[in-house]
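Novice: Pasting the sequence and the predicted model now:
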Amino acid sequence: MTRSSLLKPLVAFLKRFRSDNISSDHGQFSLPAHQHALKATMMSANAVKVVQRLQQKGYQAFIVGGCLRDLLLGHTPKDFDVATSAHPEQVKELFTNCRLIGRRFRLAHVYFGREVIEVATFRGHHTQDGASAAWARHVAAQDAQGMLISDNVYGSLEEDAMRRDFTVNTFYYDPNRNELRCYASGLEDLKNHVLRLVGEPDTRYREDPVRMLRAIRFMAKLDFQLASETEAPIQALGHLLREIPGARLFDEVLKLFHSGQGVATFTLIQRYQLLPHLFPDTYPLITQSSTTRAQVWLKLMELAIRNTDQRIQQHKPVTPAFLFAVILWPVFLQHRELTLIHGEVPHIATHRAASLTLDQQLTATVIPRRFSSAVREIWELQFRLPHRLGRRAETLLEHQRFRAAYDFLLLREQAGETQPGLGEWWTQYQAVDHQQRHQMIRYLSKDAPRHKRRKKK
């Protein structure tokens, strides 16, 4: 079904109500089947099963959030989430294929082969009146900046809607009744392509600074604009991202650049000045617009991100190692050059520069070892690829990181960082048979400088 046909009943519904009523933070509408175009058959069959089982046991349960937003916009959701009044332990009792995860947010994951249905208990407000306030303090905690450290406060359906991040995610669908519930200004914002935080933006960003990155990711993915009040605090609060655990920030960076909209995302990250909080050592090296190298490095990143977008759109594999190798390359080169100036031999300088660069990046994002090792190899191969005599070329071709290093080299040539020629040689070398490869090495040997032997006296 097309996007226009899905949204048409909702747009008609909006016209029958005053916009000031719909945009109220406490506005809630239950739409029967004839006022929306969603159907249970559009949903994951396993998500529907989870909802039905929970409802049969007396709990409230809905398919919820971004999957409904995407369906209404004519997109195909990647996954389907469920929200329920059941607590995580109660969900686990109902499903033998369930696992509980998380500390900050306690969630239930119900497994159906490769598909995982995430089930979240309705969230409540952080502070509550009366006797429940003492209980709330035990399960919710914030630091001095207002960031949520733990947040297992359970509440009602209405409270859960007000605890969601953006208004266009405040949709709840009951597949049994074919009923769609909408909260806040979600309907109108969806129609107008506006991304708006639920609640007071400054407070919501302080509770979880990653919401700033989610705002950028959704802007790029949905081609939405930020509401003015949602946009206003971002630059001033960007520094709070440095308080996010490095492992979580690594995951968020991957979501930003491995979404297929990396080019748009990179533009937005620069616009809102969040790059220095994600890559603090790279940022100053690529923003010195007066230097040619800064311009070349920035172009290299843009080419790499565009290349990644194309690979994702073509359903080709991508690796975080390549992305981090490109973005951290200027920092690595600077460290290597300084080490060489101090008289270190090249291969030791390369090794030390790689270690220093990756160690420094740990202050922002924790790169898992399986990826940081690959980053090192991609960098090291840039200095080995020019050396092709003897069996070196064949040995390099068999290296497990050769393809990534070769792609990296092509992008460096395209960006103007290094002279073209070497990349074309390797392109030809991969395309020909063994005999022709041997011939290519012989031609290289003829052109190689010869060192005269000293005559013995």
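Specialist: Yep, that arrived.

Novice: Was I right to think Pro386 contacts Gly423?
Specialist: No - counting by CB atoms under 8 Å, Pro386 does not reach Gly423; the two are 10.9 Å apart. Placement of C-beta: from N, CA and C, glycine included.

Novice: Tell me which of these two has more neighbours.
Specialist: Gly423 (20 against 12; other CB atoms under 10 Å).

Novice: so the more buried one sits in a strand?
Specialist: No - assessed with DSSP: H, G, I helix; E, B strand; the rest coil, Gly423 is helix; it does not lie in a strand.

Novice: What separation is there between it and Leu333?
Specialist: Distance, Gly423 to Leu333, using CB to CB, to the nearest Å: 18 Å.

Novice: Ok, Arg437 next?
Specialist: 31 Å.

Novice: Need the residues that contact the helix or strand containing Val263.
Specialist: Secondary-structure assignment from DSSP states H and E places Val263 in helix 262-271. Residues outside helix 262-271 that contact it (CB atoms under 8 Å, 6 or more residues apart in numbering) are 216-217, 219-220, 256-257, 259, 275, 278, 301-302, 305-306, 308-309.

Novice: do that again at 6 Å, thanks
Specialist: Residues outside helix 262-271 that contact it (CB atoms under 6 Å, 6 or more residues apart in numbering): 216, 219-220, 256, 275, 305-306, 308-309.

Novice: quick check, nearest of those to Ser185?
Specialist: Met219 (17.2 Å; CB to CB).

Novice: Is there a neighbour count for that closest one? I'd like the number.
Specialist: Neighbour count of Met219, defined by other CB under 10 Å: 21.

Novice: For the helix or strand encompassing it, name the packing helices and strands.
Specialist: Secondary-structure assignment from DSSP H and E places Met219 in helix 210-222. Counting contacts by 3 or more CB pairs under 6 Å, 6 or more residues apart in numbering; DSSP states H and E, helix 210-222 is packed against helix 246-257, helix 262-271.

Novice: now the first one and helix 210-222, what's the angle there?
Specialist: Orientation check (axes from the mean of the first three to the mean of the last three CA atoms, to 10 degrees): helix 246-257 against helix 210-222 gives 20 degrees.

Novice: Averaged pLDDT, helix 246-257. What do you get?
Specialist: Taken as a whole, helix 246-257 has a mean pLDDT of 95.

Novice: Buried residues, it. List them.
Specialist: 249-250, 252-254, 256-257 (16 or more other CB atoms under 10 Å).

Novice: Could I get the full set of strands for the stretch 201-350 of the chain?
Specialist: 225-226 (DSSP state E, counting those that start in this stretch).

Novice: Please spell out the segments of it that come in under the pLDDT threshold.
Specialist: Residue ranges of the stretch 201-350 of the chain with pLDDT under 70: 289-290.

Novice: try it again with 90
Specialist: Along the stretch 201-350 of the chain, segments meeting pLDDT under 90 span 287-292.

Novice: about what we covered before: which residues does the helix holding Met219 contact?
Specialist: 165, 195, 205, 234, 252, 256, 261, 264-265, 268.

Novice: Let me know the closest of these to Val116.
Specialist: For those, the nearest to Val116 is Glu252 (19.1 Å; CB to CB).

Novice: How about that closest one, nearest residue that isn't a chain neighbour?
Specialist: In this structure, Glu252 finds its nearest non-sequential neighbour in Leu213, 5.1 Å apart by CB to CB, 6 or more residues apart in numbering.

Novice: Can you give me the domain assignment for this protein?
Specialist: Domain assignment for the chain by automatic domain parsing gives 3-192, 199-367, 384-448.

Novice: Out of those domains, which is closest to Arg376?
Specialist: domain 199-367 (4.7 Å).

Novice: could you measure Ser259 against Asp359, distance?
Specialist: 28 Å.

Novice: Looking at those two, which has the bigger crowd around it?
Specialist: Shown here are Ser259 and Asp359; by other CB under 10 Å, Ser259 has more neighbours (18 against 10).

Novice: List phi and psi for that one.
Specialist: phi -100, psi -10 (degrees, to the nearest 10).

Novice: ok so, going back, quickly name whichever of the contacts of helix 262-271 is closest to Gly416.
Specialist: Arg306 (15.7 Å).

Novice: ok, that closest one - contacts?
Specialist: Contacts for Arg306 (CB under 6 Å, 6+ apart) come out as Val263.

Novice: can you give me the helices for the stretch 301-450 of the chain?
Specialist: 320-341, 346-361, 369-382, 392-397, 402-415, 422-431, 434-447 (DSSP state H, counting those that start in this stretch).

Novice: which residues make contact with the third one from outside it?
Specialist: The set of residues external to helix 369-382 that reach it, using CB under 6 Å, 6+ apart, is 320-321, 324-325, 332, 350, 354, 358, 401, 404-405, 408.

Novice: Please apply the same query to the second one.
Specialist: Applying CB under 6 Å, 6+ apart, the external contacts of helix 346-361 come out as 281, 328, 331-332, 335-336, 339-340, 372, 376, 379-380.

Novice: Need the residues you listed in JSON lines (columns: neighbour count and distance to Phe62).
Specialist: Formatted as JSON lines, the contacts of helix 346-361 follow (neighbours: other CB atoms under 10 Å; distance: CB to CB, whole Å):
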{"residue": "Asp281", "neighbour count": "20", "distance to Phe62": "45"}
{"residue": "Leu328", "neighbour count": "22", "distance to Phe62": "43"}
{"residue": "Val331", "neighbour count": "24", "distance to Phe62": "46"}
{"residue": "Phe332", "neighbour count": "23", "distance to Phe62": "48"}
{"residue": "His335", "neighbour count": "20", "distance to Phe62": "52"}
{"residue": "Arg336", "neighbour count": "22", "distance to Phe62": "55"}
{"residue": "Thr339", "neighbour count": "19", "distance to Phe62": "58"}
{"residue": "Leu340", "neighbour count": "15", "distance to Phe62": "61"}
{"residue": "Ser372", "neighbour count": "22", "distance to Phe62": "41"}
{"residue": "Arg376", "neighbour count": "21", "distance to Phe62": "47"}
{"residue": "Trp379", "neighbour count": "24", "distance to Phe62": "48"}
{"residue": "Glu380", "neighbour count": "17", "distance to Phe62": "52"}
